[in-house]
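Student: Here is the input, now give the coordinates:
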Amino acid sequence: EVQLVESGGGLVQAGGSLRLSCAASGFNFDDHAIGWFRQAPGKEREGVSCITSAGGITNYADSVKGRFTISRDNAKNTVYLQMNSLKSEDTAAYYCNVLQIRDGRKYDYWGQGTQVTVSS
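Tutor: Numbering: from 1, shown residues only. Okay, the predicted model is just below:
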């Protein structure tokens, strides 16, 4: 069973930092890209960052470039999102995601999310 468990969220002042973790199990972690998404109240879920299976390629939303860094430790089956210079607009529930393709079908898996609240 695929499981993604996020942690590391919390309440932080603007300008502060948090590091989110996404612990994965139930699939070949080394073979899959992982993404971070977020959803603020009343808004649609949006992509924040993603990282390829070996970690060689990363992508970021324009709104977080230069402030957030995604990384992964394949030995620990964990992906991290280091968030610096946090702004009030970063307040959201953060989710990690893995997309699998099996027998020609796509399977989207999500964690339960971790809340990040940035106070101004």
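
Student: for this structure, longest strand please?
Tutor: Ranked by residue count and defined by DSSP state E, the top strand of the chain is strand 92-102.

Student: what's that one packed up against?
Tutor: In this structure, strand 92-102 makes packing contacts with strand 3-7, strand 18-25, strand 34-39, strand 105-110, strand 114-119, judged by 3 or more CB pairs under 8 Å, 6 or more residues apart in numbering; DSSP states H and E. Bear in mind the C-beta positions are built from the backbone N, C-alpha and C, glycine included.

Student: Skip the chain neighbours and tell me the closest residue to the residue nearest the centre of the chain.
Tutor: Geometric centre of the chain, nearest residue: W36, 2.5 Å, by CA atoms, centre = their mean. Leaving aside its chain neighbours, W36 sits nearest to V48 (4.4 Å; criterion: CB to CB, 6 or more residues apart in numbering).

Student: these two touch, right, S21 and T78?
Tutor: Yes - counting by CB atoms under 8 Å, T78 is a contact partner of S21 at 5.7 Å.

Student: any residues in contact with both of the two?
Tutor: Residues touching both S21 and T78 by CB atoms under 8 Å, 6 or more residues apart in numbering: none at all.

Student: hmm, back to that, to which secondary structure element is the residue nearest to W36 assigned?
Tutor: strand 46-51 (DSSP states H and E).

Student: So what touches that strand?
Tutor: Residues contacting strand 46-51 (CB under 8 Å, 6+ apart): 33-39, 57-61, 64, 68, 70-72, 79, 81, 94.

Student: Check stretch 96-105 too.
Tutor: 2, 4, 6, 22, 24, 27, 32-37, 79, 106-111.
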